[in-house]
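Asks: Just need the structure, nothing else, for what follows:
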Amino acid sequence: MSRTSRIVVCKEGADEHTLSNNFPYSGSWIYCCNCQTFIAWEIGRGSISIKQCPFCHSSINPRLYVCDHCAVTMLDFDDQALRKHHTVLSWGMPQPACPACHQFPASTPKQHLCRVFQINLATARPACPFCGFKTDETSDETSVDGTKSVAAKFGAALAEAEARAREAEERRRLAEDAVRKEIELRVQAERKAEEIEKKVTGELSLPPGINSELAGRETFFSSLVEAEAKARAEAEQRVYAEAFERQEAKWRIAAAEARAAEERQYLAEERRRRAEAQTRASGNGFAIAIYSGLAVLLFFMLIVILYALFRAL
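Replies: Got it, this is the predicted structure:
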């Protein structure tokens with residue numbers, strides 16, 4: 001499948017057949033984070049368990065995340081020896097985003113035990129697409145709104161930083177290709193210059209016309225060497241500029257993560273203050289009720305005492 005096409009064709013076996021006409025938004029797909037493989041998954045087949053990747057056979061601590069923007073489910077396992085491009089955190093959040101549509105979840109993913117797969121599954125969808133479990137029935141509207149805001153800002157900042165990083169990487173690759181081609185041209189020019197030098201030293205007795213032709217070739221190759229040196233200097237400048245852009249992209253990612261952490265801390269502090277205010281309010285109400293009861297009791301005792309005094313008189 002080309003990078004611009006969304007049609008996925010299976011070429012295994014005798015007959016080719018189409019798996020999806022709108023990848024990754026149609027069908028059912030599993031993405032293994034350990035071997036970086038997209039798998040066309042059929043929910044009904046019982047011969048293969050999702051607790052073990054059928055390609056890399058990873059099976060330690062499986063974690064699932066269902067994207068709420070496309071039809072891809074991320075499957076991640078514990079393996080400290082691998083350097084992964086995508087992973088599923090222990091609380092269900094994809095890092096850095098979905099590997100298919102490259103989008104961040106619209107809200108904080110909620111985990112539940114999927115009855116179909118018999119393992120914990122996290123998703124930001126209102127219901128699990130496999131077992132139908134409702135994930136939004138017990139959600140708090142205030143906390144969801146705050147988390148959505150943090151997730152949206154953090155996702156936008158990460159997407160921008162990653163786009164700049166990819167662009168810088170592409171420019172670095174082009175600069176390296178230019179430097180490599182320049183080195184090849186310079187080697188060829190040096191070989192030609194050596195051949196001309198050998199011919200000149202070995203053919204000093206040639207006629208004047210041939211000597212002038214050799215001198216013209218030597219001048220041409222000298223100018224070619226100078227042009228290649230100039231191109232190499234420009235390529236080195238481009239490489240330095242790309243390195244600076246990559247560093248700037250890393251700084252942007254760090255700044256975005258810091259901003260997201262500050263916003264999460266602010267939301268947690270705001271919830272704590274609200275909880276303390278509710279606790280104080282409930283305690284004050286209890287005290288008022290006790291004092292009211294004591295006042296009523298004293299009032300009745302005063303009436304009884306006055307009645308006893310009147311009878312005594």
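Asks: Now do the SS call for Leu121.
Replies: strand (DSSP: H, G, I helix; E, B strand; the rest coil).
Asks: For this protein, which segments count as strands?
Replies: Along the chain, counting by DSSP state E, strands occupy 8-10, 17-20, 29-32, 37-40, 63-66, 72-76, 87-88, 94-95, 110-113, 120-123.
Asks: Give the other helices and strands that the last one contacts.
Replies: This means strand 120-123. strand 63-66, strand 110-113 (3 or more CB pairs under 8 Å, 6 or more residues apart in numbering; DSSP states H and E). In this view, the C-beta of every residue, glycine as well, is placed from N, C-alpha and C.
Asks: Neighbouring strands - and their directions - for the last one?
Replies: Pairing partners of strand 110-113, with direction, according to DSSP bridges: strand 120-123 (antiparallel).
Asks: what does the partner strand contact?
Replies: Strand 120-123 has contacts (CB atoms under 8 Å, 6 or more residues apart in numbering) with 63-68, 88, 91-93, 109-114, 128-130, 135.
Asks: thinking again about what came up before, and the helices and strands packed on strand 120-123: which comes nearest Ser223?
Replies: Smallest distance to Ser223 across the helices and strands packed on strand 120-123 (CB to CB): 59.9 Å, for strand 63-66.
Asks: How about residues contacting the closest one?
Replies: Contacts of strand 63-66 (CB under 8 Å, 6+ apart): 50, 73-77, 88, 90, 92-94, 109, 114, 117, 119-123, 125, 128-130.
Asks: quick one on the thing from earlier: could you dump the strands of the chain into TSV with distance to Leu224, mean neighbour count and mean pLDDT added?
Replies: Supplementary listing: the strands of the chain in TSV, determined by distance: least, CB to CB, whole Å; neighbours: other CB atoms under 10 Å; pLDDT from 0 to 100:
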stretch	distance to Leu224	mean neighbour count	mean pLDDT
strand 8-10	47	14	86
strand 17-20	52	14	85
strand 29-32	50	20	94
strand 37-40	48	16	90
strand 63-66	56	24	94
strand 72-76	52	24	94
strand 87-88	50	21	92
strand 94-95	50	20	92
strand 110-113	65	16	92
strand 120-123	61	24	93
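Asks: closest one to Phe286 among these?
Replies: It's strand 110-113; of those, that one is closest to Phe286 (CB to CB) at 35.0 Å.
Asks: May I have that closest one as PDB, with CA atoms only?
Replies: C-alpha atoms of strand 110-113 as PDB (Å, rounded to 0.1, in the frame of the first residue of the first chain):
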ATOM      1  CA  LYS A 110     -11.400   4.800  30.500                       C
ATOM      2  CA  GLN A 111     -10.400   1.200  31.200                       C
ATOM      3  CA  HIS A 112     -12.700  -1.800  31.600                       C
ATOM      4  CA  LEU A 113     -12.400  -5.600  31.500                       C
END
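Asks: Can you give the contact residues for that strand?
Replies: 91-92, 119-124, 128, 133, 135-136, 139.
Asks: which of these sit farthest apart?
Replies: Every pair of the contacts of strand 110-113 checked by CB to CB; the farthest is Ile119 and Ser139, at 22.1 Å.
Asks: pLDDT score assigned to the residue most central in space within the chain?
Replies: Most central in the chain under CA atoms, centre = their mean is Pro96, positioned 1.7 Å from the mean C-alpha point. You'll see Pro96 listed with a pLDDT of 89.
Asks: Now do the contacts for it.
Replies: Taking CB under 8 Å, 6+ apart as the test, what Pro96 contacts is 86, 104, 158, 162.
Asks: Compute the distance between it and Lys230, please.
Replies: 40 Å (CB to CB, to the nearest Å).
Asks: Please apply the same query to Arg171.
Replies: For Arg171 relative to Lys230 (CB to CB), the value is 20 Å.
Asks: So for those two, which residue has more residues nearby?
Replies: Legend: neighbour count by other CB atoms under 10 Å for Arg171 and Lys230, higher for Arg171 (16 against 11).
Asks: How about that one, nearest residue that isn't a chain neighbour?
Replies: Glu242 (4.6 Å; CB to CB, 6 or more residues apart in numbering).
Asks: List the residues that contact the one you found.
Replies: Glu242 sits in contact with 168-169, 171-172, 175, where contact means CB under 8 Å, 6+ apart.
Asks: Buried ones from those, can you make that a ChimeraX selection?
Replies: This is how ChimeraX selects the buried members of the contacts of Glu242, with burial counted by 16 or more other CB atoms under 10 Å:
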select :168,171,172,175
